[in-house]
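1. Any chance you can model this:
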Amino acid sequence: MPEVDLRRLAHARSGDKGDTANVGVIAYSPQAYTFLKEHLTADRVAAHFGGMIDGPVERFVLDNLDALNFLLHGALDGGGTVSLMTDAQGKVYSTALLRMKLDTPQEVLDSVG
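-> Residues are numbered from 1 along each chain as shown. From the prediction side, this is the model:
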């Protein structure tokens with residue numbers, strides 16, 4: 001199976017709510033979504049951001065949008081109004097997540113072009 005960046009299978013947006021970063025991952029195809037729903041787990045996302053967040057990762061499944069939403073608790077050092085972080089609104093978390101490597105079946109890759 002080819003190892004590819006998540007960005008080959010989906011796009012993402014991120015933002016903040018207090019000390020929590022929110023990352024939405026939207027699959028490029030129904031086949032990619034089915035694959036991501038199985039393999040892009042909260043534990044895997046937490047491991048990807050190891051050392052960058054202080055709290056747990058929650059995952060929400062949005063079947064009607066072929067999307068997954070992740071809440072990264074403790075990711076923003078208190079949030080935009082109190083944090084001295086460069087990215088206190090969590091805008092780069094989506095880009096960072098899209099760099100995650102996934103062993104992906106060829107038929108899934110073919111479904112996204």
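2. Can you show me the helices along the chain?
-> 30-39, 42-48, 93-98, 106-111 (DSSP state H).
3. I'd like to check what contacts stretch 99-113. Which residues are they?
-> Here stretch 99-113 makes contact (C-beta atoms under 8 Å, 6 or more residues apart in numbering) with 1-9, 28-32, 35, 39-40, 44-45, 48. Placement of C-beta: from N, CA and C, glycine included.
4. go with 10 Å
-> Residues outside stretch 99-113 that contact it (C-beta atoms under 10 Å, 6 or more residues apart in numbering) are 1-10, 25, 27-36, 39-40, 44-45, 47-49.
5. re earlier: mean pLDDT lowest for which of the helices of the chain?
-> The minimum mean pLDDT among these belongs to helix 93-98 (a mean of 92).
6. elements contacting that helix?
-> With contacts taken as 3 or more C-beta pairs under 10 Å, 6 or more residues apart in numbering; DSSP states H and E, helix 93-98 sits against strand 10-17, strand 20-27, helix 42-48, strand 67-72.
7. May I have it as CSV, with CA atoms only?
-> Taking only C-alpha atoms (Å, rounded to 0.1, in the frame of the first residue of the first chain), the coordinates of helix 93-98 have been written out as CSV:
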residue,chain,number,x,y,z
TYR,A,93,-3.6,22.6,13.0
SER,A,94,-5.4,21.7,9.8
THR,A,95,-2.3,22.0,7.7
ALA,A,96,-0.3,20.0,10.3
LEU,A,97,-2.9,17.2,10.3
LEU,A,98,-3.0,17.1,6.5
